[in-house]
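Student: Generate coordinates for the sequence data below:
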Amino acid sequence: MIVVMGATGATGNAALHSLLALGAPVRALTRTPHAPIPGTTGTHRPRPEVRYADAADAGSLRTAFEGATRLFLAMANGPAQVELETRAVDIAARSGIEHIVKISAPAAEPDSPVAVSRGHHAVEQHLRTLGVNHTVLRPYAFMQNLLRPAPGIARGAILGVMGDAPCNYVDCRDIGDVAAAVLTAPGTGTGTHVLTGPEAVSHPELAERLSTVTGHRIRYVDLTPEEFREHLLHRAHMPAWLADHVTEIQQLAVARPETPTDTVARLLGRPPRTLDAFLHEHRHRLRPQADGPDTRPGGS
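Tutor: I've put the predicted structure just below:
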């Protein structure tokens, strides 16, 4: 049995569907009892076993891990992430889990300029001390995040602090496929793997591609870190820690220019999904809104 922790999140849900497509026995965990798991409610879709579990509730984790041998661990970034993930891997190891696949982050280093990445490093280090077989996946920017309102694409603009620095994008479905491949072939794929799409694309280039695929002019607006953080706080309504994270991760791309890896192709035997294909697939959701508010800092 393979447990998917974070089954309603972007990577967890992708891993869940990849595992179901392979016919693997899957147990999906949710913090909300009786809540539907996205994409599993259709009459002709394979369905996982669903159980309630909360990383803050050790008892629920012990119950959720009963009889399982493998664990996919993906949790939303947040101030309590290190504590919660450490508890989860400890209980998993004591419950007989033999292989853990953890979603981490780029630049997961003890002195990383990105606070969230320092937290992921701490969990990675803890995994190593446990002695349980594990795989660490370090994906770069999710293509699916382009569908969220915070970047302002639906209002005709991309805001950021990246200048013309390249950004690695990766489709969450590729992350899920990699995780499923590792989880269904015990003993393979251990170690740390950096996951990207086939190319790194700057924000100005992204704006051009969005303009082409949507038929609407979309521009990139480069801000100072202070302006960008204020926009995320007061216009996108992000909590302070998340506004800090988004700003830090974009500044990291400037300090360390990003280049794509061949990891997805090497592990799956096929090329990763392209950004252009993703944009075309979701072009209707990305079209600017005619009545959208001003995206400039301080705009009404």
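Student: Distance check, the residue nearest to residue 111 when sequence neighbours are not counted against residue 249.
Tutor: Of all residues not flanking residue 111 in the chain, residue 118 sits nearest, at 7.7 Å (CB to CB, 6 or more residues apart in numbering). Just so you know, the C-beta spots here come from the backbone N, C-alpha and C atoms, and that holds for glycine as well. Remark: distance between residue 118 and residue 249 (CB to CB, to the nearest Å) = 12 Å.
Student: Name the residue in those two with the higher neighbour count.
Tutor: In terms of neighbours (other CB atoms under 10 Å), residue 249 is the more surrounded of residue 118 and residue 249; the figures are 22 against 17.
Student: And the average pLDDT for the helix or strand hosting that one is what?
Tutor: Element membership for residue 249 (DSSP states H and E) is helix 240-255. Helix 240-255 shows a mean pLDDT of 95.
Student: What are the buried residues along that helix?
Tutor: Of the residues in helix 240-255, 242-254 count as buried by neighbour count, 16 or more other CB atoms under 10 Å.
Student: will you turn the residues you listed into CSV that also has distance to residue 7?
Tutor: As requested, the buried residues of helix 240-255 are exported to CSV (distance: CB to CB, whole Å):
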residue, distance to residue 7
242, 22
243, 27
244, 27
245, 23
246, 24
247, 29
248, 28
249, 24
250, 29
251, 32
252, 29
253, 29
254, 34
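Student: Closest to residue 114 out of these?
Tutor: The closest of the buried residues of helix 240-255 to residue 114 turns out to be residue 248 (CB to CB; 4.5 Å).
Student: show me what contacts that closest one?
Tutor: Residue 248 makes contact with 113-116, according to CB atoms under 8 Å, 6 or more residues apart in numbering.
Student: hmm, try it at 7 Å
Tutor: Each residue near residue 248 by CB atoms under 7 Å, 6 or more residues apart in numbering is listed here: 113-115.
Student: Could you pick out the longest strand of the protein?
Tutor: Ranked by residue count and defined by DSSP state E, the top strand of the chain is strand 133-139.
Student: Parallel or antiparallel, which strands does that one pair with?
Tutor: Note on strand 133-139: by DSSP bridges, its sheet partners are strand 99-103 (parallel), strand 191-195 (parallel).
Student: now, of these, which is deepest in the fold?
Tutor: Highest mean neighbour count among the strands paired with strand 133-139 (mean count of other CB atoms under 10 Å): strand 99-103, with a mean of 24.
Student: I'd like the next helix or strand past it.
Tutor: Counting by DSSP H and E, the element after strand 99-103 in chain order, helix or strand, is helix 115-130.
Student: mind listing what's buried in that next one?
Tutor: For helix 115-130, the neighbour count (16+ other CB under 10 Å) marks 116-124, 127, 130 as buried.
Student: From residue 254, how far out is the nearest residue to residue 109 once chain neighbours are set aside?
Tutor: Spatially, and ignoring its direct neighbours in sequence, residue 109 is nearest to residue 121 (5.6 Å; CB to CB, 6+ apart). Computed as CB to CB, the residue 121 to residue 254 distance reads 21 Å.
Student: Would you quantify the distance from residue 50 to residue 32?
Tutor: Residue 50 sits 10 Å away from residue 32, going by CB to CB.
Student: Repeat that for residue 278.
Tutor: From residue 278 across to residue 32, the span is 28 Å (CB to CB).
Student: Looking at these two, which one has more neighbours?
Tutor: Between residue 278 and residue 32, counting by other CB under 10 Å, residue 278 is the more crowded of the two (22 against 9).
Student: what about that one, which SS state?
Tutor: Using DSSP: H, G, I helix; E, B strand; the rest coil, the structure places residue 278 in helix.
Student: Verify the contact between it and residue 173 for me.
Tutor: No - assessed by CB atoms under 7 Å, residue 278 is found out of contact with residue 173, at 9.2 Å.
Student: I'd guessed residue 180 sits against residue 22; true?
Tutor: Yes - with contact defined as CB under 7 Å, residue 180 reaches residue 22; the gap is 5.8 Å.
Student: For those two, work out which one has more neighbours and name it.
Tutor: Relative neighbour count places residue 180 above the other of residue 180 and residue 22, with 26 against 15, counting by other CB under 10 Å.
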